[in-house]
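*Asks:* A predicted structure for the sequence below; I have some questions about it.
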Amino acid sequence: MYSPKPESSFGPNPNSGTHQQQMELTGANMGPGNGANNNTNMAGRQRLRWTNELHERFVEAVTQLGGPDRATPKGVLRIMGVQGLTIYHVKSHLQKYRLAKYIPDASTDGNKTDNKDPGDLLAGLEGSSGLQISEALKLQMEVQKRLHEQLEVQRQLQLRIEAQGKYLQKIIEEQQRLTGTLETELKQPRAPVMVILFPATSH
């Protein structure tokens, strides 16, 4: 199991050469005729080879932010503080990291899979073909579909509970109304009963 490094390792390293060794950027060389905007776009779209050390820093940042479901690319980029790393690189890596977490739960053979390190699964995704990535995306969509169905069932159940609660409330209010009416009638003074006695007649 991975143990997080001290927080001091998250800050930017003053030695810029170390940061350059942690990551390998590959892409087309930009000619001198390209403008500043083209240079910025190309720099953001350069492919990044995630080394083990760089991935560990990424995992630590994601953990600090509450896990892959809560972490945002902007927050991860800020915590990592690696020179040359762009939000495009972090966003792509975070998406694949989330996919890697869904793969063990989406096994189609019905057998329970062993718990695997998401980093190992992510490394497989990094070097996988486009077909494998497409399958991973389908798995993610299937998981999201199931979650949506569960939320819909919970919503319908909540509506039924609320309807039953309103029905019971109406019954209670009706009983209280009838009880109040009965008590009012009992408290009202009754008119005295007059008894008239007639003298007995002799035969």
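*Replies:* Received, thanks.
*Asks:* just the helices in the chain please.
*Replies:* 16-22, 36-45, 52-64, 73-80, 87-102, 118-126, 130-187 (DSSP state H).
*Asks:* Rebuild those as a markdown table, extending it with mean neighbour count and mean pLDDT.
*Replies:* (C-beta placed from N, C-alpha, C; glycine too.) Shown next, in a markdown table, are those (neighbours: other CB atoms under 10 Å; pLDDT from 0 to 100):
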| stretch | mean neighbour count | mean pLDDT |
| --- | --- | --- |
| helix 16-22 | 13 | 42 |
| helix 36-45 | 12 | 47 |
| helix 52-64 | 19 | 86 |
| helix 73-80 | 18 | 86 |
| helix 87-102 | 19 | 81 |
| helix 118-126 | 17 | 56 |
| helix 130-187 | 11 | 85 |
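*Asks:* Which segments of this structure make up each domain?
*Replies:* 7-28+35-127, 132-178 (automatic domain parsing).
*Asks:* What are the neighbouring residues in contact with Met80?
*Replies:* Contact analysis of Met80 by CB atoms under 8 Å, 6 or more residues apart in numbering lists Phe10, Arg57, Phe58, Ala61, Val90.
*Asks:* again, only this time at 6 Å
*Replies:* Arg57, Ala61 (CB atoms under 6 Å, 6 or more residues apart in numbering).
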